[in-house]
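[1] below are the sequence and a predicted model for it; my questions follow.
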Amino acid sequence: MQESISYMHGMVFLLAIAYTLKHDAHVRVDIFYRNFQQRTQSWINLFGTLFLLFPMGVFIIWVSWDYVVNSWEIKEASREAGGLAGVYLLKSVIIIAAILFLLQGLSQCLKSLLTLQNKSS
């Protein structure tokens, strides 16, 4: 039971990454950002997404891929007596979270491009 609480707690944080990005609730230093015009903010968001968010999402998938695949190959279960059987399913959430993060980043990128396009028209 205690083990399941730890895994659920981890899943909440992993799956909340994209949701938090969607609602612009990630921590950022916006001392200057909040005073910029919307066009400048869109440029910052676009470059941040392209050069920070996308590489980080791809890196997370790349680094965790073997970890998750190996877990699936052995159908990893908990080492604890009476522990969870589907640990490999829980580890898969790492890759799912990164994919959702990248998809939300794509949405944010398109939103920034749309804002820039509308401001230039």
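    Structure's in. What do you need?
[2] point out where this structure drops to low pLDDT.
    Where the chain drops to pLDDT under 70, the residues are 120-121.
[3] that one: helices as residue ranges?
    Applying DSSP state H to the chain gives helices spanning 2-22, 38-48, 54-73, 87-120.
[4] what's the angle from the shortest one to helix 54-73?
    With axes from the mean of the first three to the mean of the last three Cα atoms, to 10 degrees defining the directions, helix 38-48 sits at 40 degrees from helix 54-73.
[5] list the helices and strands helix 38-48 packs on?
    With contacts defined as 3 or more Cβ pairs under 8 Å, 6 or more residues apart in numbering; DSSP states H and E, the packing partners of helix 38-48 are helix 87-120. In this view, the C-beta of every residue, glycine as well, is placed from N, C-alpha and C.
[6] so which elements touch the helix it packs on?
    helix 2-22, helix 38-48, helix 54-73.
[7] out of those, deepest packed?
    Stretch with highest mean neighbour count among these: helix 38-48 (a mean of 16; mean count of other Cβ atoms under 10 Å).
[8] tabulate the helices and strands packed on helix 87-120 (a markdown table), appending distance to Val29.
    Formatted as a markdown table, the helices and strands packed on helix 87-120 follow (distance: least, Cβ to Cβ, whole Å):
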| stretch | distance to Val29 |
| --- | --- |
| helix 2-22 | 16 |
| helix 38-48 | 12 |
| helix 54-73 | 17 |
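[9] specify the stretch among those that is closest to Ala85.
    Among the helices and strands packed on helix 87-120, the nearest to Ala85 by Cβ to Cβ is helix 2-22 (10.9 Å).
[10] can I get that closest one in CSV, CA atoms only?
    Taking C-alpha atoms only, helix 2-22 is exported to CSV below (Å, rounded to 0.1, in the frame of the first residue of the first chain):
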residue,chain,number,x,y,z
GLN,A,2,2.8,2.4,0.9
GLU,A,3,4.6,1.7,-2.3
SER,A,4,1.5,2.5,-4.4
ILE,A,5,1.2,5.9,-2.7
SER,A,6,4.8,6.8,-3.7
TYR,A,7,4.1,5.7,-7.3
MET,A,8,0.9,7.7,-7.5
HIS,A,9,2.6,10.7,-6.1
GLY,A,10,5.3,10.5,-8.8
MET,A,11,2.6,10.0,-11.5
VAL,A,12,0.8,13.1,-10.4
PHE,A,13,3.9,15.2,-10.8
LEU,A,14,4.9,13.7,-14.1
LEU,A,15,1.5,14.0,-15.7
ALA,A,16,1.0,17.5,-14.3
ILE,A,17,4.0,18.9,-16.2
ALA,A,18,2.1,19.5,-19.5
TYR,A,19,-1.0,20.7,-17.6
THR,A,20,1.1,23.2,-15.7
LEU,A,21,2.7,24.4,-18.9
LYS,A,22,-0.7,24.9,-20.5
